[in-house]
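Prediction below, plus the sequence it came from.
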Amino acid sequence: MSVIRNAELVPAPARRSFAALFSNVSRWRVPLSILALCILPWVLPSQALAVNVLIYGLVAVGYNLLFGYTGLLSFGHAAFFGAGAYATGIAIGAFGVHWFIAMLIGVLVSGLLATVMGMLAIRTRGIYFSMVTLALAQLVYYAALQASSWTGGENGLRGFTVSTLHLPGFSVNFLDPLVKYYAIMIVVAGALWFVSRVLNSPFGAVIEAIRENETRARACGYDVERTKLLSFILSGILCGLAGTLSAMHLSIVPLDSLHYHTSGLIVMMTLLGGAGSFFGPFIGALAFLSMEDIFSLWTSNWQLIVGVIFILFVLYLPKGIWGTLISWGKSR
Amino acid sequence: MTVQLIAMQLFSGLALGAVLIMVALGLSIIFGMLGIVNFAHGALFMVGAYAGLYVAGLTGSFWWALLIAPVMIGLFGMLIERFLIRPLYGRSPDDPLLLTFGLGYVLVEAVRILFGTDGIPFSTPAALRGVVNLGIGFFPLYRLFVIGVVVAVLLLLWIGLEKTKFGLIVRAGSADPLIMRVLGVDISRLWLVVFGIGVGITALGGVLAAPMRNVSPEMGTLVLAEAFVVTVIGGMGSLPGAVIAGLIVGVSVSMTSLFAPEMATIVMFALMALILLVRPNGLYGRAAPGL
């Protein structure tokens, strides 16, 4: 008798502690992410990988706002990532603009592009949306390919380098990998705080309402089209910000950053980590890029392995790594 | 710029449109019936072209390739439906889309392993080389042949859908799968066959396009975007829409490449944006399900 009672008693504190753990994690999500990002370059095999995780993590976070929280599956987010990168690169390379202004220009251009693309794509619903965003992103890709006098065409944009970040009072050596990592991390941390605020705001509640039941959200009096557009633009701006960081980090903008495959990469990272969760996209970017890092040592066809893993996730773990962990923790 | 040149370019546009129609038809048939967007469609087009290349290499005949490759890939499509897409019915419409996207990724990489990363030229069969005098000028025989094959496929499809019992079941199943199930039709077997047919048509498009484009693992990406443009313009799930939009896109691309070559790759997307502003559901479309 006493044995049975003991067996029943054991899970109870565990359940309470799991629930408490997840609610604490959720409350402290921004400081916790920043803490994790701070130690990232020390636990990953290379600093190059860590910077990539930062940049693609931010892309995935921006994308997640639209896909995970608003429920709109876009296949064209490479357009905003690339537009931000190109605009920054052109501003620095062709016009010699201060890096901070160049970043602002990058974000602005991607925001404008997202407004135009969003206004077109939002007119369509459901499955159409994915097809239209893909096609419009292809338009941007071919436009960049044709405008080679500005973008460098197939060779990508070159000829701009940011070696020092001049700030009022002091300057940062942007060539030191570790300094570069933490400089980029400060921007990413700011973006994460911003996203967390957006998700906690009434707007954040409305986009989730649209994801869950668009008709009901409309019936409640919310302007669904405008909310979707706003979410699209915010998401595009965050991806554009990641693009400007990528341009400053690499000192080149490859044409591939506008390609359909980059859009697909963003979707895969977000889904692998867990769409619709705060930590998911970063975990997805970390998982994806680490897989790339490991598998590309063994074989040049690492994309095959990653593709198969992605298919298995869609079939068996559609909530992604973090989403599955959360529901597992809650069910205990 | 003579009238003759414009007429010839118009004809080139028809040949270009004919291939687009094949891809968009496959996409539209699958969507109309199963309600899913196949993102692996471009990759299957590419796999079709490679299968054609492989069969032509084995048998030494283009005609066998034209016949066998689409059937092979169609059967492969059935395997995909049975084992990968069927578990996803009843889940969010985004899930099959994501799955087929991943599948396309895998297929491209698998072809790279099997056939190499470089493009392979696919020679036009000897019987179809040369040009024909159309009265207005000389036109490549092969392109004429492509137009002919596509017209034949369209006729077959039309007869199959409108005049046979199977076609009746397919049309009814696309209108209301639940009622069909109540009436005792095995809808999942129907879906399997329809998916196979849709994929087979695309593969046929791939074999037909192979002598006109270079065969490479990346050829599917552009085709996928083109097929999306055509289906968005024509209206998702509408077969006449796919045909008319395919022709419109084909002709406008070839006309632009005559008058403003640098705009040729962009014009179809601009056309799509324009249609979206005027008719968000496409020329013949019905509102998309889901959401």
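Happy to help now that I have it.

State the distance from A:Leu250 to A:Ala79.
Here the criterion is C-beta to C-beta, to the nearest Å. By it, A:Leu250 lies 18 Å from A:Ala79. C-beta: built from backbone N, CA, C; applies to glycine.

Between the two, point out the one with more neighbours.
Taking other C-beta atoms under 10 Å in any protein chain shown, A:Leu250 and A:Ala79 do not tie; A:Ala79 has more neighbours (33 against 17).

Show the average pLDDT along whatever helix or strand that one lives in.
Secondary structure assignment for A:Ala79, by DSSP states H and E: helix A:78-95. In this model, helix A:78-95 has a mean pLDDT of 96.

and what of stretch B:114-126?
Mean pLDDT, stretch B:114-126: 86.

Can you list the buried residues in it?
Under the neighbour-count criterion of 16 or more other C-beta atoms under 10 Å in any protein chain shown, stretch B:114-126 has B:115, B:122, B:124-125 buried.

Identify the residues contacting that stretch?
Surrounding stretch B:114-126, the residues in contact under the criterion C-beta atoms under 8 Å, 6 or more residues apart in numbering or on different chains are B:49-50, B:52-53, B:56, B:61-63, B:142, B:210-211, B:214-217, B:219.

Closest to chain A out of these?
Taking C-beta to the nearest C-beta as the measure, B:Pro217 is the one of the contacts of stretch B:114-126 closest to chain A, at 10.8 Å.

Report how many residues lie close to that closest one.
Close neighbours of B:Pro217, defined as other C-beta under 10 Å, add up to 24.

Turn the buried residues of stretch B:114-126 into TSV, including secondary structure.
Below are these laid out as TSV (DSSP: H, G, I helix; E, B strand; the rest coil):
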residue	secondary structure
B:Phe115	helix
B:Phe122	coil
B:Thr124	coil
B:Pro125	coil
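
which of those residues lies closest to chain A?
B:Phe115 (12.5 Å).

How is B:His55 assigned, secondary-structure-wise?
One correction, residue B:55 is Val, not His. State at B:Val55, reduced to three classes by three-state DSSP: helix.

Please list only the buried members of the contacts of stretch B:114-126.
B:49-50, B:52-53, B:56, B:62, B:142, B:210-211, B:215-217, B:219.

Which pLDDT does the model give the residue lying closest to B:Leu128 once chain neighbours are set aside?
Spatial nearest neighbour of B:Leu128, excluding adjacent residues (C-beta to C-beta, 6 or more residues apart in numbering or on different chains): B:Tyr142 at 4.5 Å. Note on B:Tyr142: pLDDT of 91.

Packing partners of the host helix or strand of B:Tyr142?
For B:Tyr142, the element it lies in under DSSP H and E is helix B:141-163. Applying 3 or more C-beta pairs under 8 Å, 6 or more residues apart in numbering or on different chains; DSSP states H and E, one finds that helix B:141-163 makes contact with helix B:3-34, strand B:131-133, helix B:165-175, helix B:187-209, helix B:239-259.

hey, least reliable of the ones you listed by pLDDT?
Among those, strand B:131-133 carries the lowest mean pLDDT, a mean of 82.

Number of residues surrounding A:Arg216?
By other C-beta under 10 Å, 11 other residues sit near A:Arg216.

Can you give me the distance of it to A:Phe95?
Distance from A:Arg216 to A:Phe95, by C-beta to C-beta: 49 Å.

Show me which residues of chain A are close to chain B?
Contacts of chain A with chain B, taken as C-beta under 8 Å from any C-beta of the partner chain, map to A:71, A:73, A:75, A:120, A:123-128, A:130-132, A:134-136, A:138-139, A:142-143, A:145-146, A:214, A:260-261, A:264, A:267-268, A:271, A:301, A:303-304, A:306-308, A:310-311, A:314-315, A:318.

now, which of those residues lie within helices?
A:120, A:127-128, A:130-132, A:134-136, A:138-139, A:142-143, A:145-146, A:214, A:260-261, A:264, A:267-268, A:271, A:303-304, A:306-308, A:310-311, A:314-315 (DSSP state H).

so how far is the first residue of stretch A:161-178 from its last?
End-to-end span of stretch A:161-178 (C-alpha to C-alpha, to the nearest Å): 17 Å.

which residues sit in contact with residue 229?
Because you didn't say which chain, this covers chain A. By C-beta under 8 Å, 6+ apart, the contact list for A:Leu229 reads A:115, A:118-119, A:122.

try chain B instead
Listed by C-beta under 8 Å, 6+ apart, the contact set of B:Val229 reads A:135, B:249, B:268-269, B:271-272.

Just flag the most distant two among the residues you listed.
Greatest spatial distance among the contacts of B:Val229 (C-beta to C-beta): A:Ala135 and B:Val249, at 11.3 Å.

Please give me every residue in contact with residue 154.
All of this refers to chain A. A:145, A:148, A:255.

wrong one, I was asking about chain B
Per C-beta under 8 Å, 6+ apart, neighbours of B:Leu154: B:21, B:25, B:243.
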